[in-house]
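Participant: below: sequence and its predicted model.
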Amino acid sequence: MLGAARCIVHRDLLLALRRRSDVATALLFFVIVTSLFPLGVGTEPDLLRSIAPGVIWVAALLSCMLSLGRLFAADHADGTLEQLLLSAAPLGVIAAAKAFAHWLVAGLPLVLIAPLIALQYDLPAPLYPVLALSLLLGTPVLSLIGAIGAALTLGLRGGGVLLSLLVLPLYVPVLIMGAGSVDMAAAGLAPDGQLLLLAALLIVAAAFAPWAIAAALRISAE
Amino acid sequence: MLEAAELECARGGRVLFRALSFALRGGELLRLAGPNGSGKTSLLRILCGLLAPAGGEVRWQGTPIRRLREDYAKQLVYIGHAPAVKDDLTAAENLAITCRLAGLAVSSRTVQHALDRFGLPHDRVPARRLSQGQRRRAALARLALSEPLPLWLLDEPFAALDASAIGLVEALIDAYVARGGSVVFTSHQEPKRGTAQVIDLSGAPA
């Protein structure tokens, strides 16, 4: 069972490695969107410091959305999705592995690059670990919830737009807790409460999302 | 072993077949015949559990496959219309990954051996560069490693293949059936050797 999960993660990472441009576009999108704000709203340091958490988090949501459309669509098009549905491991395990591989490729790079982005917003150094930690806890939730939407809209015409309409509202709690934790820390308060809520969201999503993804995939594949 | 009871299938508001029942034991070969659009692929997808029938059920060793799920899926090989070959991976990587997901233990040596039998290149050529027929061969190379599984469901296994590959697949199927495996396949062509059973879907209700 774990062998199948490892096999899927290995396969998806190998595919990402062979198509590096797909990974780079999502990451570049994140970098460019977050760089546009200082150019647009001016260089007032106080203003930049106060909008930084929200801007970085919104850009992370959008960047994550970009790669979601491809999550199952490629497998659906070449027939490998049918083989995944007929694999020897429970479909929930396969779905969890797909979402984890998506996070490794689309979420983890954002976590690593976020402190660098925070630099151009003149965010105080003690906030960097809070920002990175909030993204580390929050981005896997984005991948898990997003995968449900990707599975539901599989094979639909105009699925990309529908996917955003379906998934972005569900991202709201993650956005509020994620950006909120950095805001709390900026105000000199302990961000523990928000971070713990994010961790709780992650645990709930990790426990239930794979089975929802599996059910959605079964419907879409018929 | 495989039993279909009163199967009914409707696609796009049209009934393709109804009250279709048959049983397949080990060592039997079943060919699904019928014109395009008569429901051969749908029946095959129902048999492997990808598609839910509008009525009736499929049973594996007496248990409905809806309840068995992956316990049933790990007993079978399904090769569908789409070759299920990833363009960015080599033929060897594709084969190894497909087999591992199906729960088969494979080593790089057995994978190379299967690729050799199907005349596929070993080098690091991504499947994107393979021809249509070679891609089909890459999908079917799985059969050479799937002898431990008791059921093969093959959708148009001979399509897009040349004479030598058709001979190879036929030989694999014959050897597999002789050892007690069950095969259901769809094909337009009448096979050279007589098959044990044929289900003709052309007479199904319109």
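Facilitator: Noted; the coordinates are in hand. Numbers count the residues shown, from 1 in each chain, chains lettered A, B, ... in the order given.

Participant: check which element follows the helix or strand hosting residue A:145 along the chain.
Facilitator: Applying DSSP states H and E as the criterion places residue A:145 in helix A:127-152. The element immediately downstream of helix A:127-152 (helix or strand, assigned by DSSP H and E) is helix A:159-167.

Participant: past that following helix, which element shows up next along the chain?
Facilitator: Next in sequence after helix A:159-167, counting helices and strands by DSSP H and E, comes helix A:172-186.

Participant: that following helix packs against which elements?
Facilitator: helix A:45-68, helix A:127-152, helix A:192-221 (3 or more C-beta pairs under 8 Å, 6 or more residues apart in numbering or on different chains; DSSP states H and E). (Glycine included, C-beta is placed from N, CA and C.)

Participant: out of those helices, which gets nearest to chain B?
Facilitator: helix A:192-221 (5.9 Å; C-beta to the nearest C-beta).

Participant: which of the helices and strands packed on helix A:172-186 is buried the deepest?
Facilitator: Highest mean neighbour count among these (mean count of other C-beta atoms under 10 Å in any protein chain shown): helix A:127-152, with a mean of 24.

Participant: next, the angle helix A:192-221 makes with that one.
Facilitator: Comparing the axes of helix A:127-152 and helix A:192-221 via axes from the mean of the first three to the mean of the last three C-alpha atoms, to 10 degrees yields an angle of 20 degrees.

Participant: list the helices and strands helix A:127-152 packs on?
Facilitator: Where contact means 3+ C-beta pairs under 8 Å, 6+ apart, helix A:127-152 is packed against helix A:45-68, helix A:70-78, helix A:91-102, helix A:108-119, helix A:159-167, helix A:172-186, helix A:192-221.

Participant: let's have those helices in JSON lines, adding mean pLDDT and distance to residue B:185.
Facilitator: Below are these laid out as JSON lines (pLDDT from 0 to 100; distance: least, C-beta to C-beta, whole Å):
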{"stretch": "helix A:45-68", "mean pLDDT": "93", "distance to residue B:185": "37"}
{"stretch": "helix A:70-78", "mean pLDDT": "91", "distance to residue B:185": "21"}
{"stretch": "helix A:91-102", "mean pLDDT": "96", "distance to residue B:185": "26"}
{"stretch": "helix A:108-119", "mean pLDDT": "94", "distance to residue B:185": "44"}
{"stretch": "helix A:159-167", "mean pLDDT": "90", "distance to residue B:185": "33"}
{"stretch": "helix A:172-186", "mean pLDDT": "95", "distance to residue B:185": "48"}
{"stretch": "helix A:192-221", "mean pLDDT": "95", "distance to residue B:185": "21"}
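
Participant: ok so, going back, next, the angle from the helix holding residue A:145 to helix A:70-78.
Facilitator: Interaxial angle of helix A:127-152 relative to helix A:70-78 (the same axes, to 10 degrees): 30 degrees.

Participant: what helix or strand is the residue most central in space within chain B on?
Facilitator: Using C-alpha atoms, centre = their mean, the residue of chain B that lies closest to the mean C-alpha position is residue B:154, 2.1 Å off. Applying DSSP H and E as the criterion places residue B:154 in strand B:151-155.

Participant: give the contact list for residue A:13.
Facilitator: Neighbour list for residue A:13: A:101, A:104, A:105 [criterion: C-beta atoms under 8 Å, 6 or more residues apart in numbering or on different chains].

Participant: can you check residue A:9 too?
Facilitator: By C-beta under 8 Å, 6+ apart, the contact set of residue A:9 is A:97, A:100, A:101, A:104.

Participant: with residue B:62 instead?
Facilitator: residue B:3.

Participant: and the angle for the helix ranked longest in chain B with strand B:151-155?
Facilitator: Ranked by residue count under DSSP state H, the longest helix found in chain B is helix B:163-178. Computed by the same axes, to 10 degrees, the angle separating helix B:163-178 from strand B:151-155 equals 150 degrees.

Participant: can you dump the C-alpha coordinates of stretch A:140-151 into CSV?
Facilitator: Extracted in CSV, the C-alpha atoms of stretch A:140-151 (Å, rounded to 0.1, in the frame of the first residue of the first chain):
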residue,chain,number,x,y,z
PRO,A,140,-0.7,21.2,1.9
VAL,A,141,-4.3,22.1,2.8
LEU,A,142,-4.5,24.0,-0.5
SER,A,143,-3.2,21.0,-2.4
LEU,A,144,-5.6,18.6,-0.7
ILE,A,145,-8.7,20.8,-1.1
GLY,A,146,-7.7,21.8,-4.6
ALA,A,147,-7.4,18.1,-5.6
ILE,A,148,-11.0,17.6,-4.7
GLY,A,149,-12.0,20.4,-7.1
ALA,A,150,-9.6,19.1,-9.8
ALA,A,151,-11.1,15.7,-9.6
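
Participant: chain B against chain A: which residues are in contact?
Facilitator: Within chain B, the positions near chain A by C-beta under 8 Å from any C-beta of the partner chain are B:48-52, B:69-70, B:73-74, B:76, B:78, B:80-89, B:93, B:97-98, B:100-103, B:126.

Participant: out of the helices and strands packed on helix A:127-152, nearest to residue B:7?
Facilitator: helix A:192-221 (18.7 Å; C-beta to C-beta).

Participant: specify the angle between the closest one and helix A:91-102 in degrees.
Facilitator: 120 degrees.

Participant: any weak-confidence spans in chain B?
Facilitator: B:190-196, B:203-206 (pLDDT under 70).

Participant: just so I have it, where are all the strands in it?
Facilitator: B:2-11, B:14-24, B:29-33, B:55-60, B:63-64, B:76-79, B:151-155, B:182-186, B:197-200 (DSSP state E).

Participant: and for the fifth one, what's in contact with it?
Facilitator: Right, the one you point to is strand B:63-64. B:57, B:58.
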